[in-house]
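Asker: show me the folded form of this:
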Amino acid sequence: MDTEDVSTEVLFKLWPWLEANKNRLIGGLVAVVLVALVYSYINWQRGQNEIACGEAFTQLLLSHSPDASPGQEADSYLALADKYPGTQAGQRAQLQAAAVLFEADKYPEAQAAFQKFADNHSGPLAAIADLGLGASLEAQGNTDQATAAYLRITSSHANPGAFLQAQFSLGRIAEQKGQLADAENYYQSVADLGRAGGTLS
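Answerer: Okay, the predicted model is just below:
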């Protein structure tokens with residue numbers, strides 16, 4: 001039996017089933033199309049939110065007013081992050097709010113903002129939050145807690161830039177404590193990473 005005959009026979013056997021289940025097949029096809037459309041719309045909306053948040057974030061960065069208090073400026077960034085949850089630009093706005101507080105020497109507030117971010121996110125941006133958390137703790141004289149924050153960065157390797165800064169900060173703390181061998185190891189790690197072109201193995 002040739003291929004054409006087999007195809008015809010299969011079609012004749014399948015035809016009654018197709019006729020009997022026509023409505024179910026059409027309903028299933030419509031459901032698949034609707035799911036695809038909803039999924040496409042959600043992705044499109046997510047992309048639009050990311051663009052809108054990115055533009056608003058850039059506008060906030062450019063329109064920094066010297067008259068605004070650090071608290072007001074931080075609140076503007078946090079409001080933006082709340083308006084666009086789940087976006088990369090919104091996450092960057094959260095980090096910028098914490099950085100504004102740190103730069104204004106509001107270390108406890110910066111610590112709380114960096115900690116909140118680190119608790120709710122992972123990956124390269126969380127490493128930056130841990131770096132800010134460590135710096136905030138260090139600025140308040142809490143070197144043991146700062147060391148723990150810096151060590152989280154060095155164990156995760158999520159962000160090479162943050163890793164390098166954390167190693168350097170760990171060396172500085174060890175040097176201040178008189179732990180010169182540890183300080184030398186941290187500084188050597190920074191130098192080795194610099195010679196390797198800043199890439200982590």
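
Asker: so what's the residue nearest the centre of the chain up against?
Answerer: Nearest residue to the geometric centre of the chain (C-alpha atoms, centre = their mean): Leu125, 4.6 Å. Residues near Leu125 by C-beta atoms under 8 Å, 6 or more residues apart in numbering: 91-92, 95, 117, 159. Bear in mind the C-beta positions are built from the backbone N, C-alpha and C, glycine included.

Asker: and it, what helix or strand is that in?
Answerer: helix 124-139 (DSSP states H and E).

Asker: with Arg24 instead?
Answerer: helix 22-62.

Asker: which strands and helices lie in contact with that helix?
Answerer: helix 70-83, helix 88-103 (3 or more C-beta pairs under 8 Å, 6 or more residues apart in numbering; DSSP states H and E).

Asker: state the pLDDT value of Arg195.
Answerer: Looking at Arg195, its pLDDT reads 73.

Asker: before we move on, what about Tyr41?
Answerer: pLDDT, Tyr41: 59.

Asker: same question, Ala158
Answerer: pLDDT at Ala158 comes out at 64.

Asker: is it true that Phe57 touches Leu80?
Answerer: Yes: with contact defined as C-beta atoms under 8 Å, Phe57 counts as touching Leu80 (6.2 Å).

Asker: any shared contact partners between these two?
Answerer: 89-90, 93.

Asker: next structured bit after the helix holding Leu125?
Answerer: Following helix 124-139 in sequence order, the next helix or strand is helix 143-156 (DSSP H and E).

Asker: tilt between that following helix and helix 124-139?
Answerer: 160 degrees (axes from the mean of the first three to the mean of the last three C-alpha atoms, to 10 degrees).

Asker: could you dump the helices and strands packed on helix 22-62 to a markdown table with distance to Glu184 and mean pLDDT?
Answerer: Output for the helices and strands packed on helix 22-62, formatted as a markdown table (distance: least, C-beta to C-beta, whole Å; pLDDT from 0 to 100):
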| stretch | distance to Glu184 | mean pLDDT |
| --- | --- | --- |
| helix 70-83 | 37 | 87 |
| helix 88-103 | 29 | 91 |
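
Asker: Thr147: which of those is closest?
Answerer: helix 88-103 (18.0 Å; C-beta to C-beta).

Asker: in the closest one, which residues are buried?
Answerer: 89-102 (16 or more other C-beta atoms under 10 Å).

Asker: for that helix, name the packing helices and strands.
Answerer: By 3+ C-beta pairs under 8 Å, 6+ apart, helix 88-103 packs against helix 22-62, helix 70-83, helix 107-120, helix 124-139.

Asker: coming back round to it: just curious, which of the shared contacts of Phe57 and Leu80 is nearest to Asp75?
Answerer: Using C-beta to C-beta, the shared contacts of Phe57 and Leu80 come closest to Asp75 at Ala93, 11.0 Å.
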